[in-house]
Every structure is written in structure tokens, then in C-alpha cells.
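Peer 1: Next one to model:
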Amino acid sequence: MRISEYVRHDAVGLAELVADGEVTPAELEAAARAAVEAVNPWINAVVETWPADDEPRPGSAPLAGVPFLIKDIGVSMAGRRMELGSRLAAGHTARADSALMRRFRRAGLVTFGRTTTPEMAYSTTTEPVLYGATLNPWCLERSAGGSSGGAGAAVAAGVVPVAHATDAAGSIRIPAASNGLFGLKPTRGRVSWGPDFDEMFNGLAVHGGVSRTVRDSAVLLDQIRGPEPGDPYFAQEPARPYAEEVDRTPGALRIGVLAQPWCGHRTTTPVADALARTLRLLEYLGHRVEEVEVDLGVDWEEFLLANARQWTANLTAQVDELAEALGRPVDSSTLEPPILASYHYGQRVSGAEFATALTVRNRVARNLARFFDGHDMLLTPTLPDLPVPLGTHGEGAEALDGLGWLRRLFDVSPFNAPFNVAGTPAMSVPLMSDAGTGLPIGMQFAAGYGREDLLFRLAGQLEQASPWSGRTPVVWAGNRLDH
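Peer 2: As a prediction, this is how the structure comes out:
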């Protein structure tokens, strides 16, 4: 299959071609490898590729034969490296498949490589020392977002139609917005972290994916959702497959609009203009939109401090476990300055402080639940500004402690973390672009606990009303000269 043809299809479309016998999984994998060769020298989104060992029977699963990439953290594939974007874990190889990896295989996905992540997935830009910065395919001087920046850049550039991603404070939605993709953060407990973890970062982190079409994300979530034996909790299963929700009408929704972030910074003019255009589109579609104030139950400084304590305490435990297992020191030779500072900050978090942080988590969850009692959704910009220039996050980072580093991350992406804290689903939809630069602008829609169904319905409606699939970045596999 020629690359120019390969990039015209989403994952569902490619699986249909395989099922109909028009193309083989091997031919699709060859096209995906050619796409990596064409764009990765420009964007540095794929850490490595390997000969795929999956041979799904055509039509045997919804995504049978579709090339796929996993993130370099959070999912274990037997015999393959998982280095967490860190020198501390360099060369670390997984001994067995995680539950999520087994589900990817059952879905028929052909996993042939892994994508970049910032060190320990502890940033909202993907610029690790271990394998260098990932560049935004829309503008090579800009960040691709994080922590699933490699996944976002690879999908946007046409390497694969959908890729694995994780999200602890926006790490699905930020790369989706930065790269002009659709990305949905599922409800807490929707996808298992088993068997090695019961939850990640006390329930802040979830598995999902980024994709160019809404239906690809819906089908992927259908294939990976549901509990594993021993999970401490799980979200109630939906009434029907999410893939069926994409084509269902959402009805007339009551949507609250929060234009300015909780942290006190201001949304920039290009993003505010995009939000205004989104409101007009929603009203045209029959939805009721109204500006709202959303009380998190705590002020921003208390929210920030609680998250810093929760994040760093978890980070410190993970770093210590890795260092002991691999026999490596925890110092500047293995960790980047902001991660090392966060590690030391976490060492000083007391048990009482950690318990207080969990109390804050509960207050935020209860307050957002009350908001969703009166509104179907909350709309915000995914990011308050266009994708930032590379190097923005790291400027002066060596002087920051763990609280200062998290403050910097949340200043760049202040709209995202509350929904991780509350455990509610949220999605970034690539509805708009900036007229001056052509850069994509994502809009974030959040819903109540377990309401991915409603989000997929609205996303499907928006995709039909304002299609984005025809917009492609500067670095695009379909532009290869020998296709």
C-alpha cells in the first residue's frame, strides 16, 4: 500500500480494508514503517521500532491488522524496552505483557514500536534528555505537548491513525490540542492498570489514546475498558459500545463555559477567539451555552500544593523502586533537574500532608459533581495559549523545587488537572485553528463521572458539523515524494 493511500484512512477504515482482503496486515505495517522513516527524522516522535509479533486474522477483531504504537511508559510488552523517558530506566525490558497490552493484542492491533515521553511522564512537554525533544509537526519550533507528545506528533504526522496515551494532568488532551487531534481522557477506573499497579498516582492517571477521528478513539476505548481481577474499583460499564454513541444525537445540551483558568492567568486572544467561534457553533447546533464560575472547593494555591504533595510522593516511591531494581544511583546522572528536585520534595512529604492532599482530592471531586448535577458539560479551552516554543518549560527549571515545577506545568496547562483529580472524563476536540499561524486549537469538554457516552455523542456531532480531517500539518507522511 502506498503511503499516500495509507494516510487517507483512519484505524477503523484500515481494519475494514484488511477484513475485505484489499490489503494485508503486513502491507499496512510496511506502510507505517515507511511513514516512520519519512517523518521521524523531523519530529523525533518514535523511540524505536521492532518486527511486530502479532498476526491477527483479518476481521477477527475490530482493529485487526492496524499498525499501532505504545507510549514509553505505563504499558508493558514482553521482551520490549520501557524506559520511561529516563536515564534511570535506560535499557529496562519488560518481562511480561501488562493487562492493557493483552487487550491491545485482542483488539487486533499490530504494535511495532514505542513513542517518546518526558522523563517519568512528569511534564507537559516532551523534551527528555534520554532521547531528545519531540517536535510539533505543525511547527518544528513548537512543543508537541506532553506527556504523550510522541503519540500526538506521530498520529498527527500520519505514522499511525491512533496511538496509546496516558493522562495524569492533561497528557492525552494537551498533545491532542497541540497536534490537531481528538483525545479523550476516560473516567477513573475505566481502564485497568493491572496487574502491576492497582492505580497510578492515586487515581490521577488513566490510559487512553489519541486519534485523528472520533470513532477511532471510541473503538479503542471499547476494546480496552473494563476491570481486571484484583482491581480496587472500576467504573460502571456503559449501556452500549462507545462506537455506537458517535453516531447518536446528543440532544440539546446545557453547557457551562469557563473562558479563564482557575490560576488567575488570562486566556490569550487567539484562543479566546477560537472559544467564541466554538460557542457560535454549539448554539447553531441547538445547545444552550452559558458562562459559569466553577468552584473547585479549594483555592488554586491549595489545589496546587495538594497536587505537588500527591505527585511527588508517588514519584519518589517509583524512583526508589526503579533505582533499587536497576542498581543505579538517584542523582543528576540519572534524573533531570526538575525531576530530581521533585524527587527530593517528595521525600519530605509527611504522611499527614499526603492524607490532607487526598482530602483535597475528595473536595474537588464533590464540587465538580455538584456542577455536573446542573450542567451536562463544561467547556474550556484545552490550553490557554497556542503550543509553546520548545525550551519554554525548561527555562530556569534547575532553580525550581517540586512545588515550583508543578506550578510551571499547571501555569502552561491550567484547565486540565481538575478533571484528573475528580476522576471525570474530558476530551479535547480539534475544532479550531489560529488564522495567523495555522496552529491547531483544541477545545476541552468535560462531563460527569462515567459520561464518556455523552462526550462521544457531542464529539461525533461536532466532527460532522466542523470536520477537521482535511487539515494536515507541515510534516505529513502523505507528502512523501516516492508515494
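
Peer 1: okay, the residue nearest the centre of the chain: pLDDT?
Peer 2: The chain has I172 as the residue nearest its centroid, 1.3 Å off, counting by Cα atoms, centre = their mean. pLDDT recorded at I172 is 99.

Peer 1: That one contacts H207, doesn't it?
Peer 2: No - with contact defined as Cβ atoms under 8 Å, I172 does not count as touching H207 (9.0 Å). In this view, the C-beta of every residue, glycine as well, is placed from N, C-alpha and C.

Peer 1: intersection of neighbour lists for the two?
Peer 2: When contacts are counted by Cβ atoms under 8 Å, 6 or more residues apart in numbering, I172 and H207 are jointly contacted by A165, T166.

Peer 1: Run through the residues that contact the nearest residue to P229 once chain neighbours are set aside.
Peer 2: Distance criterion Cβ to Cβ, 6 or more residues apart in numbering; nearest residue to P229, sequence neighbours excluded, is G194 at 7.6 Å. In this structure, G194 makes contact with S98, A99, E228, P229, G230, D231, judged by Cβ under 8 Å, 6+ apart.

Peer 1: The fourth one and H207: what is the separation?
Peer 2: By that I understand P229. When distance is defined by Cβ to Cβ, to the nearest Å, P229 is 17 Å away from H207.

Peer 1: Which one of those two is surrounded by more residues?
Peer 2: H207 (27 against 8; other Cβ atoms under 10 Å).

Peer 1: What pairs with the host helix or strand of the more buried one, parallel or antiparallel?
Peer 2: In this structure, H207 sits in strand 206-211 according to DSSP states H and E. If you go by DSSP bridges, strand 206-211 pairs up with strand 162-167 (antiparallel), strand 182-185 (antiparallel).

Peer 1: Relative to P329, which of the ones you listed is closest?
Peer 2: Smallest distance to P329 across the strands paired with strand 206-211 (Cβ to Cβ): 26.9 Å, for strand 162-167.

Peer 1: can you pull the contacts of A252?
Peer 2: Contacts were defined as Cβ under 8 Å, 6+ apart; by that measure A252 touches G286, H287, R288.

Peer 1: Just give me the closest of the residues you listed to T382.
Peer 2: Minimum distance to T382 across the contacts of A252 is 18.5 Å, recorded for H287 (Cβ to Cβ).

Peer 1: What is the burial count for the closest one?
Peer 2: The burial count assigned to H287 is 20, neighbours taken as other Cβ under 10 Å.

Peer 1: Torsion angles phi and psi at the closest residue to it other than its chain neighbours?
Peer 2: Once its chain neighbours are removed from consideration, H287 has its nearest residue in L253; the separation is 4.7 Å (Cβ to Cβ, 6+ apart). Here the main-chain torsion angles of L253 (degrees, to the nearest 10) amount to phi -100, psi 150.

Peer 1: how many other residues sit next to L253?
Peer 2: Counted with other Cβ under 10 Å, residues neighbouring L253 total 21.

Peer 1: go on, P241?
Peer 2: Under the criterion other Cβ under 10 Å, the count of neighbours that P241 has is 17.

Peer 1: before we move on, what about S333?
Peer 2: A total of 10 residues lie near S333 under the criterion other Cβ under 10 Å.

Peer 1: does it count as helix, strand or coil?
Peer 2: Reducing the assignment to helix, strand or coil with DSSP: H, G, I helix; E, B strand; the rest coil, the entry for S333 is coil.

Peer 1: residue ranges for the strands of the stretch 301-450 of the chain, please.
Peer 2: Using DSSP state E, counting those that start in this stretch, the strands found in the stretch 301-450 of the chain span residues 377-381, 426-433, 440-447.

Peer 1: Distance from the chain centre to the first one, please.
Peer 2: Mean C-alpha position of strand 377-381 versus that of the full chain (Cα atoms, centre = their mean, to the nearest Å) differs by 17 Å.

Peer 1: and L315, what does it touch?
Peer 2: Listed by Cβ under 8 Å, 6+ apart, the contact set of L315 reads M120, Y122, I339, S342, Y343, G346.

Peer 1: try 7 Å this time
Peer 2: The contact partners of L315, taken as Cβ atoms under 7 Å, 6 or more residues apart in numbering, are M120, Y122, S342, Y343, G346.

Peer 1: Adding neighbour count, write those residues out as JSON lines.
Peer 2: Compiled in JSON lines, the contacts of L315 are given as follows (neighbours: other Cβ atoms under 10 Å):
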{"residue": "M120", "neighbour count": "24"}
{"residue": "Y122", "neighbour count": "31"}
{"residue": "S342", "neighbour count": "27"}
{"residue": "Y343", "neighbour count": "24"}
{"residue": "G346", "neighbour count": "23"}
